[in-house]
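Peer 1: no sequence for this one, just the structure:
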């Protein structure tokens, strides 16, 4: 959030804080959530890489691609 918006909200009586304060999370809970978010992001990136490799394959369709070839693409 930019500083001007933060100041406007605080001037209007709003309390601006972060998720940890709002949900009253312990440090362990916050770390767990951050870990899950990082893993989710990594999984999305991995899936996007595999999908782009499959899409670049001009002579195959997803139905025809055997699982072994898909696993080979994942390792590349």
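Peer 2: Yes, it's here. Just so it is clear, the structure is predicted and the values come from calculations on it, not from any experiment.
Peer 1: Residue 20 touches residue 30, doesn't it?
Peer 2: Yes - between residue 20 and residue 30 there is a contact at 4.9 Å, judged by CB atoms under 8 Å. C-beta coordinates here come from the backbone N, C-alpha and C atoms, glycine included.
Peer 1: Can you pull out the low-pLDDT segments for this structure?
Peer 2: 57-76 (pLDDT under 70).
Peer 1: any idea which helix is longest in this structure?
Peer 2: helix 27-56 (DSSP state H).
Peer 1: Which residues does stretch 5-24 contact?
Peer 2: Residues outside stretch 5-24 that contact it (CB atoms under 8 Å, 6 or more residues apart in numbering) are 1, 25, 30.
Peer 1: The longest helix of the chain - contacts with which helices or strands?
Peer 2: Contacts defined by 3 or more CB pairs under 8 Å, 6 or more residues apart in numbering; DSSP states H and E place helix 27-56 against helix 67-75.
Peer 1: one step back: looking at the contacts of stretch 5-24, which one is closest to residue 46?
Peer 2: Taking CB to CB as the measure, residue 46 lies nearest residue 30 of the contacts of stretch 5-24, at 24.8 Å.
Peer 1: What separation is there between the most centrally placed residue in the chain and residue 54?
Peer 2: Residue closest to the mean C-alpha point of the chain, counted by CA atoms, centre = their mean, is residue 41 at 2.7 Å. Separation of residue 41 from residue 54 (CB to CB, to the nearest Å) stands at 21 Å.
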